[in-house]
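**Q** from the sequence below, what's the structure:
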Amino acid sequence: MRHPRIVAVALLLALPLSALIAGYAGVRQAEAQWRQGNYPAAFEAYARAARILFWRADLWEQAGISASLAGDHHRALTHLEKHTPQTAEGWFRLAASHYQLGDLDAAHSATLRGTLAFDSLHLYDLQALILHESEDWSAERVSRENQARLGSQDAFVHYRLGLLLMLHSPEDALPALTRASTLNPEVAPAVETLRAALALASTQTEDTEKMIAIGRGLSLVQEWKLSLEAFSKAIEADENNAEAWAWLGEANQQTGRDGGVELERALSLNPSNPTVRALRGLYWERRENYRKALEEYSAAAKFDAADPAWQAGIARTHAGLGDLSAAIEAYQRAIELAPTDATYWRMLAVFCAENDVYVEEIGLPAAEQAARLSPEDPSTLDALGLSYFASGRYASAELTFSRAIELAPDYFPAHIHLALNYLAQGNHAAAFDTLTHVRDTDPTGIHGKTALQLLERYFP
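**A** Here you go, the predicted structure:
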């Protein structure tokens, strides 16, 4: 077999001089366009040069990279697959173009081949994203570990690694989570929740109970797909654990499945478990079968009379059945069980305000007590503002909603309520600005959609 350099020299000699000149001129033009960030023009110039200097694999690669950067992913693949990429960027762009075209398997394959040749953070970044979307948690964990090893300063990388380690090796999860909160203090509250879950799990002697504690922690930070995995692991460790089955049913509901079969299994295993009965109550409440939900919450309260959460469930189901007085009484029982917890005072206040019942007599005093117990909590201040609004105290409501927003700018319920308060005062300009802000900031969320509906209603 002839030496590659000899082959290249032979090819050079076989080309007309004018073609060679045009080819290398094309390379210079492509490089100039690249430096200017004009990737479509760079692609065209690199492609022309590659067709002339066809033995130059680097030109085919640069043409593909340019096309990928220009968003022309079909052409990018045509050129990048002409020859095996010789750089980490080439492999990254090959994988990225497959990803943009929706071929996750081909994209993943390209990142695997690329990382065999190059220890590239960018390749691992893309690989982790692909595996995340594919829900291959074990493989994603390995990719996240490589991201961390290569010094990623992205807080999400370390946070996600911590979450995945909770499923695989909980004892190793906390350093990654702590690193995430150091890089981005905004994740600190979630990290504290997960830290508490890990601490609880570490006190459990049975693997089932460890995984239930971890799953519940993951659910509290809305990582329901991972919590589903944790509850599945709990059942693998003990298939007769009723709570594991009940929580698996809840996780299934949260991820778009029914969950009823798992909840039936939980009931058959332990009908006197209050958590099982309460999660069954929640199942029926979501389906607006309030009578069945009331039966389940009442059973939970019977088997665990000290937990105020069951009374809150009873209150919601009474409200669903239209018995507002019984609902208030249940909220008041919850408060009696936990008088220093602002949560239940807030629930009672919101209930009175939203249903326009006993606002002055019960709702507003409950909201004021909640604010005394938790003066810096935006949801509590929002409840107080809602009580002021419902009682016609618009100036006080405006101040309170504004304070809630100051504490938590992304707490959108307070923005919505502030806009309604503006409308009640006839300040349509301020209401329009507030609703527009929510619509534009949360375009796909429930609050953004609510803001859009209000804009269409009041500002057609």
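**Q** skipping adjacent residues, who's closest to Gly313 in space?
**A** Residue nearest to Gly313 in three dimensions, not counting chain neighbours: Tyr297, with 3.8 Å by Cβ to Cβ, 6 or more residues apart in numbering. Just so you know, the C-beta spots here come from the backbone N, C-alpha and C atoms, and that holds for glycine as well.
**Q** residues touching Gly385, list them.
**A** Applying Cβ atoms under 8 Å, 6 or more residues apart in numbering to Gly385 gives the contacts Ser396, Ala397, Glu398, Thr400, Phe401, Ala404, Ala414, His417, Leu418, Asn421.
**Q** picking that back up, the residue nearest to Gly313 against Ile314, yeah?
**A** Yes. Using Cβ atoms under 8 Å, Tyr297 makes contact with Ile314 at a distance of 4.7 Å.
**Q** neighbour count: the two, which is higher?
**A** Neighbour count, other Cβ atoms under 10 Å: between Tyr297 and Ile314, Tyr297 has more, with 30 against 25.
**Q** next, work out how far apart that one and Arg316 are.
**A** 8 Å (Cβ to Cβ, to the nearest Å).
**Q** try Ala234
**A** Distance from Ala234 to Arg316, by Cβ to Cβ: 28 Å.
**Q** more crowded one of the two?
**A** When Ala234 and Arg316 are compared on other Cβ under 10 Å, the one with more neighbours turns out to be Ala234, at 26 against 22.
**Q** let's verify the more buried one: helix, strand, or coil?
**A** Under DSSP: H, G, I helix; E, B strand; the rest coil, Ala234 falls in the helix class.
**Q** which ones are touching it?
**A** Ala234 neighbours (Cβ under 8 Å, 6+ apart): Asp207, Thr208, Glu209, Lys210, Met211, Ile212, Gly215, Asn241, Ala244, Trp247, Leu248.
**Q** ok, His83 next?
**A** By Cβ under 8 Å, 6+ apart, His83 lies in contact with Ala57, Trp60, Glu61.
**Q** going through those, which ones are buried?
**A** Among these, the ones that count as buried by 16 or more other Cβ atoms under 10 Å are Trp60, Glu61.
**Q** just the ones in helices from the contacts of His83, please.
**A** Ala57, Trp60, Glu61 (DSSP state H).
**Q** what's the closest non-adjacent residue to the first one?
**A** Closest residue to Ala57 in three dimensions, ignoring its sequence neighbours and counting by Cβ to Cβ, 6+ apart: His83, at 3.9 Å.
**Q** ditto for the last one
**A** Across the structure, with Cβ to Cβ, 6+ apart as the measure, the residue nearest Glu61 apart from its sequence neighbours is Gly90 (4.5 Å).
**Q** restricting to C-alpha, output the stretch of helix or strand the one you found belongs to in CSV.
**A** Using DSSP states H and E, Gly90 maps to helix 88-100. Output of helix 88-100 as CSV, limited to C-alpha atoms (Å, rounded to 0.1, in the frame of the first residue of the first chain):
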residue,chain,number,x,y,z
ALA,A,88,-13.7,17.0,18.8
GLU,A,89,-15.6,19.8,17.2
GLY,A,90,-16.3,17.7,14.2
TRP,A,91,-17.7,14.9,16.3
PHE,A,92,-19.7,17.4,18.3
ARG,A,93,-21.3,18.9,15.2
LEU,A,94,-22.0,15.5,13.8
ALA,A,95,-23.8,14.5,16.9
ALA,A,96,-25.5,17.9,17.2
SER,A,97,-26.9,17.7,13.7
HIS,A,98,-28.3,14.2,14.3
TYR,A,99,-29.8,15.5,17.5
GLN,A,100,-31.4,18.6,15.8
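**Q** may I see the buried residues of that helix?
**A** Applying 16+ other Cβ under 10 Å to helix 88-100 flags Ala88, Glu89, Gly90, Trp91, Phe92, Arg93, Leu94, Ala95, Ala96, Ser97, His98, Tyr99 as buried.
**Q** the first one contacts Phe118, correct?
**A** Yes. The pair formed by Ala88 and Phe118 meets the contact definition of Cβ under 8 Å, at 3.8 Å.
**Q** could you list the domains of this structure?
**A** 1-83, 340-460 (automatic domain parsing).
**Q** any idea which of those domains is most buried?
**A** Of the domains of the chain, the one with the most neighbours on average (mean count of other Cβ atoms under 10 Å) is domain 340-460, at a mean of 19.
**Q** may I have the distance across it, first residue to last?
**A** Domain 340-460 has its terminal residues 45 Å apart, counting by Cα to Cα, to the nearest Å.
**Q** from the chain's centre, how far out does that domain sit?
**A** Centroid separation for domain 340-460 versus its chain: 25 Å, with Cα atoms, centre = their mean, to the nearest Å.
**Q** hmm, back to that, need the domains of the chain in CSV with mean pLDDT and distance to Arg286, can you?
**A** Conversion of those to CSV gives the following (pLDDT from 0 to 100; distance: least, Cβ to Cβ, whole Å):
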stretch, mean pLDDT, distance to Arg286
domain 1-83, 68, 41
domain 340-460, 96, 15
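**Q** in TSV: the ones you listed, plus distance to Ala106.
**A** TSV is the format used below for the domains of the chain (distance: least, Cβ to Cβ, whole Å):
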stretch	distance to Ala106
domain 1-83	9
domain 340-460	28
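**Q** tell me which of those domains lies nearest to Glu171.
**A** Minimum separation from Glu171 across the domains of the chain (Cβ to Cβ) falls at domain 340-460, 32.0 Å.
**Q** average pLDDT across stretch 304-316?
**A** Stretch 304-316 carries an average pLDDT of 97.
**Q** now it, how far from the chain's geometric center?
**A** 29 Å.
**Q** just to check, Trp310 is in contact with Ala293?
**A** No. With contact defined as Cβ under 8 Å, Trp310 does not count as touching Ala293 (11.5 Å).
**Q** hang on, the earlier thing: among the contacts of Ala234, name the buried ones.
**A** Among the contacts of Ala234, the ones that count as buried by 16+ other Cβ under 10 Å are Thr208, Glu209, Lys210, Met211, Ile212, Gly215, Asn241, Ala244, Trp247, Leu248.
**Q** now for the one helix or strand the second one maps to, which elements pack on it?
**A** Using DSSP H and E, the secondary-structure element containing Glu209 is helix 207-220. Packing contacts for helix 207-220, counted by 3 or more Cβ pairs under 8 Å, 6 or more residues apart in numbering; DSSP states H and E, involve helix 155-168, helix 188-202, helix 224-237, helix 242-254.
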